[in-house]
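[1] Fold the following for me, if possible:
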Amino acid sequence: MIFSKTRLIFILICALAYEISASQTLSPKNKGTKKKSAEKTDKKPSKERLGPQKYSVFDKNFVSQEVTAKDIVNNHRAFFTETDEYNFDGLVLGYVTPWNNHGYDIGKIFGNKFTHISPVWLQVRRKGPKKYEVTGTHDIDKQWVVDVRNAGRERKTKIVPRVLFDGWTGKDYTELFNNPKERLSLSKTLIESCKKHKFDGFVIEVWSQIAGAVNPDSLVELIRDISDLFTVEGLDFILVVPPKRNADLFTSKQFDALYDYVTAFSLMTYDFADPTRPGPNAPINWIEDTISAISLNETRRKKILMGLNFYGNDYTANGGGPIVGHEYIKILEQFPELSFTYVDKVAEHLFEYKDKDGINHLVFYPTLYSILQRLELAHKLKVGVSIWEIGQGLDYFYDLL
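    Modelled structure (predicted):
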């Protein structure tokens, strides 16, 4: 059987499903009762809607467990015209990549929905003893930064580019961990770059790269030394941290040790599955377990940014891989009669299709309903959210934020 492995997983997942709860605790600030009644009969428009609309996805009752390919195709590019309004009161970080131009548009349109936006532009490299360089600055779009900051009336979105430790050797890390002067030089280089380009801080990604290979206490010391200088300069410092997996690379001990030193922790609660073990992108129970494992103290969780994937995965018996919004829509356009299944246990929708070559596919991609379940979980756990990445999702997703 061509699809036996994936099909088996599909059956196992569906076997876990149980009756869905209809309760919703996170509601939009602008509910518009009269608008709802006016739009109930218009859930399935005959042609695609584009751009700003008088009604939100809540008003049009699109945030439902029941979804169809036709509804998604016809409405995914429409969004509520009041883009200044936001529904989620915690920290909201959105990542933007230079290889996905639509993300830049999303940042300008919905900037007020985000407290922070992190363009994936920069790398830091070690050039020699106590010599460091921030690269990738050619990708910086100064006008875009201004536009995003001015996108909303109620709050000014902070621009905090991600900085990746790139091209480092084991010797480079050893020197950094063992020599305080190296850490000071690195910190000054990062801050000088931040101030030169008038950023509000940085998102630092190093922990997930080397956590399994070094003493975690050394990593804690490194982050503390860098963040101390960021604090002095009034800059935000957001640390990317890995989720709970087979080996816990970031624990409650490290969270407590760093809590007072960072603005927030960007928790990578996505990519639970992969082509070698097809399944849901980020089961909601796994997300909750991961957050609870980091901190049981609700008052301290406000600094945890629960990772949300705005991309999906298309699996086959031979592997498959990630898909982004326009690829997902293309599938739905080709197979308008396909049937969605909502798996309550993991709070995700999935569907199957057979391509023109007769190959079976299993697809997991976020829907309005699955995203809302995660936003409600964030509300319940008193955490913020981080989205990878805003150019990969559908435009009407942002009505939820």
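[2] ranges for the helices of the stretch 51-200 of the chain?
    69-75, 102-109, 142-149, 170-178, 180-196 (DSSP state H, counting those that start in this stretch).
[3] What is the fourth one packed up against?
    The elements that helix 170-178 packs onto, with contact taken as 3 or more Cβ pairs under 8 Å, 6 or more residues apart in numbering; DSSP states H and E, are strand 122-128, helix 180-196, helix 216-232. Yep, even glycine has a C-beta here, placed from its N, CA and C like the rest.
[4] Each with direction, which strands does the first one pair with?
    Take DSSP bridges as the rule and strand 122-128 pairs in its sheet with strand 131-135 (antiparallel), strand 162-165 (parallel).
[5] related to what we said a few turns ago, is it possible to get CSV of the helices and strands packed on helix 170-178 that adds mean pLDDT, distance to Gly321 and mean neighbour count?
    Shown next, in CSV, are these (pLDDT from 0 to 100; distance: least, Cβ to Cβ, whole Å; neighbours: other Cβ atoms under 10 Å):
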stretch, mean pLDDT, distance to Gly321, mean neighbour count
strand 122-128, 97, 24, 18
helix 180-196, 98, 33, 17
helix 216-232, 96, 30, 17
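[6] Go through these and name the closest to Asp314.
    Closest to Asp314 of the helices and strands packed on helix 170-178, according to Cβ to Cβ: strand 122-128, at 29.8 Å.
[7] returning to that earlier point: in TSV, list the strands paired with strand 122-128 along with mean pLDDT.
    Below are those laid out as TSV (pLDDT from 0 to 100):
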stretch	mean pLDDT
strand 131-135	98
strand 162-165	97
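[8] before we move on, back to that, could I get the helices and strands packed on helix 170-178 as a markdown table with distance to Gly90?
    Converted to a markdown table, the helices and strands packed on helix 170-178 look like this (distance: least, Cβ to Cβ, whole Å):
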| stretch | distance to Gly90 |
| --- | --- |
| strand 122-128 | 26 |
| helix 180-196 | 24 |
| helix 216-232 | 21 |
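[9] among the ones you listed, which is nearest Val324?
    Of these, nearest to Val324 by Cβ to Cβ is strand 122-128, at 22.5 Å.
[10] how far out from the middle of the chain is the closest one?
    26 Å (Cα atoms, centre = their mean, to the nearest Å).
[11] What distance do you get for Phe272 to Val346?
    9 Å (Cβ to Cβ, to the nearest Å).
[12] Tell me the residues that contact both of these two, please.
    Here Phe272 and Val346 have Pro280, Pro283 as joint contacts, going by Cβ atoms under 8 Å, 6 or more residues apart in numbering.
[13] out of these two, which sits in the busier spot?
    Between Phe272 and Val346, counted using other Cβ atoms under 10 Å, Val346 has the larger neighbour count: 25 against 20.
[14] Quick check, that one in contact with Ile287.
    No - the criterion here is Cβ atoms under 8 Å, and Val346 misses it with Ile287 at 9.7 Å.
[15] Not counting its neighbours along the chain, what's nearest Thr341?
    Leaving aside its sequence neighbours, Thr341 sits nearest to Leu350 (Cβ to Cβ, 6 or more residues apart in numbering; 5.5 Å).
[16] Wasn't the one you found part of a strand?
    Yes - under DSSP: H, G, I helix; E, B strand; the rest coil, Leu350 falls within a strand.
[17] For it, list each beta-bridge partner.
    Beta-bridge partners of Leu350, counted by DSSP bridges, are Thr341, Phe364.
[18] Could I get the pLDDT score of it?
    On pLDDT, Leu350 comes in at 98.
[19] Alright, calling it a day.
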